[in-house]
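> Need a 3D model of the sequence below.
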Amino acid sequence: MKGGFPLADMIPNVERSFVLVQSDAVPKAQRAYRVLDTFGPWLPFVVLGLFSVGVLAATDRRRAVLRGALGIVAGMLLVVIGLPILRANFIESTPADMLSPAAAGHIFDALVLSLRTGALAVAVFGLVVAVICYFSGPSPAARRTRANAASSERGASPC
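Sure thing, here's the model as predicted:
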């Protein structure tokens, strides 16, 4: 071998395959994955567009943003709360002779880590938007909070 590792030529060529999972549901899961893989990147933009149209069509836009943000927070929290239920279902439906329950749980956790993280991040962002909308509104609590912040700002000594 020119400039390579000469002992590598002695490694035999092995062509073996082994079954990881055998199920009639694999083609259905592959189809669902392909659909999600195709449309998944577009879904956030669709949601943002529908959110924007709803806010623009509303008569009280601040309240529409507040309620929309709270709706998004509720949806993301449902996703986060639903994941442990789905995890338990996944572990129960995995045959023990193919995969141990602990391994099935680790596989599920690895598969949904970015989903859980993203859902929590969107929920926090939605909560921040909702809090800003609430405290910028005309409610007595919001007015009182703004007045207290303004008076404490005037009474604070410069650094």
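> List the buried residues in the lowest-mean-pLDDT helix or strand in the chain.
Every helix and strand in the chain was compared by mean pLDDT, DSSP states H and E; the lowest is helix 140-155, with a mean of 83. Within helix 140-155, no residue is scored as buried using 16 or more other C-beta atoms under 10 Å. The way it works is simple: take the backbone N, C-alpha and C, and place the C-beta from them, glycine included.
> With stretch 54-62 instead?
Val55.
> Contacts for it next, please.
With contact meaning C-beta atoms under 8 Å, 6 or more residues apart in numbering, stretch 54-62 is reached by 64-65, 68, 133, 136-137.
> Which among those residues count as buried?
64-65, 68, 133.
> Narrow those to those in strands?
Residues of the buried ones among the contacts of stretch 54-62 located in strands (DSSP state E): none.
> per-residue confidence at Ser157?
pLDDT for Ser157: 58.
> Next one: the nearest residue to Val65 once chain neighbours are set aside relative to Gly82, how far apart?
With C-beta to C-beta, 6 or more residues apart in numbering as the criterion, Val65 has its nearest non-adjacent residue at 5.1 Å, and that residue is Cys133. Note on Cys133: its distance to Gly82, by C-beta to C-beta, to the nearest Å, is 26 Å.
> Secondary structure element for Glu15, which one?
In the assignment (DSSP states H and E), Glu15 maps to no helix and no strand.
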